[in-house]
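Undergrad: my questions concern the predicted model and sequence given below.
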Amino acid sequence: MFMLQCTQRSTRKWFLQKTGPEGLNNMLAAYEDKTAYALCIFSLSLGPDHEPTSFEGRTEGKIVPARGPNDFGWDPVFQPHGYNLTYAEMPKEEKNKISHRRRALDKLREHLCTQYSFMDQP
């Protein structure tokens, strides 16, 4: 069994190192539309003769001026829809409940639980 995670971000690590999260917000200053989304894809293959199955998790939001600690990538400038906090301002437990990574993992888990007898649902 082989599993791969691909987390898409609209920025690369070098960009954030040079400009900080504020740089992303500053780039969008001239644009009215600041919508964004965070995307994570996990892919699972049972071996070389099996096609991979992919599971996508997506969290819609917008880019805002940086708020909160700068502990993890673009978290200070990403505010999920329906929240007044950026990812960086949220308690980790709350962020993890709505994160793009969690959504992808939930889909992967559901697939494993329904397709394979070795997985028991809690």
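TA: Cool, the structure landed. In this text the structure is predicted, and so the values were computed from the model without any measurement.

Undergrad: can you find the helix or strand in this protein with the smallest mean pLDDT?
TA: strand 2-8 (a mean of 49; mean pLDDT, DSSP states H and E).

Undergrad: what are the ranges of the strands in this protein?
TA: 2-8, 35-45, 53-63, 78-80 (DSSP state E).

Undergrad: farthest residue from the center of the chain?
TA: Most distant residue from the mean C-alpha position of the chain: Asp49, 29.4 Å away (C-alpha atoms, centre = their mean).

Undergrad: if I look at it, how far off is Gln115?
TA: Per C-beta to C-beta, to the nearest Å, Asp49 is found 17 Å from Gln115. Using the backbone N, CA and C atoms, a C-beta is placed for each residue, glycine as well.

Undergrad: now do Lys34
TA: 39 Å.

Undergrad: what of Glu56?
TA: 17 Å.

Undergrad: and the pLDDT at the residue nearest the centre of the chain?
TA: In the chain, the centroid-proximal residue (C-alpha atoms, centre = their mean) is His100; its distance is 3.6 Å. For His100, the pLDDT comes out at 93.

Undergrad: distance of it from His111?
TA: From His100 to His111 the distance is 17 Å (C-beta to C-beta).

Undergrad: in this protein, which spans are helices?
TA: All helices of the chain, identified by DSSP state H, fall at 13-27, 92-98, 100-115.

Undergrad: mean pLDDT for those helices: which is lowest?
TA: helix 13-27 - the lowest mean pLDDT of the helices of the chain, at a mean of 74.

Undergrad: hang on, the earlier thing: okay, Lys34 and Gln115: which has more neighbours?
TA: Lys34 (15 against 10; other C-beta atoms under 10 Å).

Undergrad: contacts only, for the more buried one.
TA: Taking C-beta atoms under 8 Å, 6 or more residues apart in numbering, we find Lys34 in contact with 28, 62-64.

Undergrad: how far away is it from Cys113?
TA: From Lys34 over to Cys113 (counting by C-beta to C-beta), the distance is 37 Å.

Undergrad: over to Leu39?
TA: Distance from Leu39 to Cys113, by C-beta to C-beta: 23 Å.

Undergrad: with neighbour numbers in mind, choose between those two.
TA: The neighbour count for Leu39 versus Cys113, taken as other C-beta under 10 Å, is higher for Leu39 (18 against 14).
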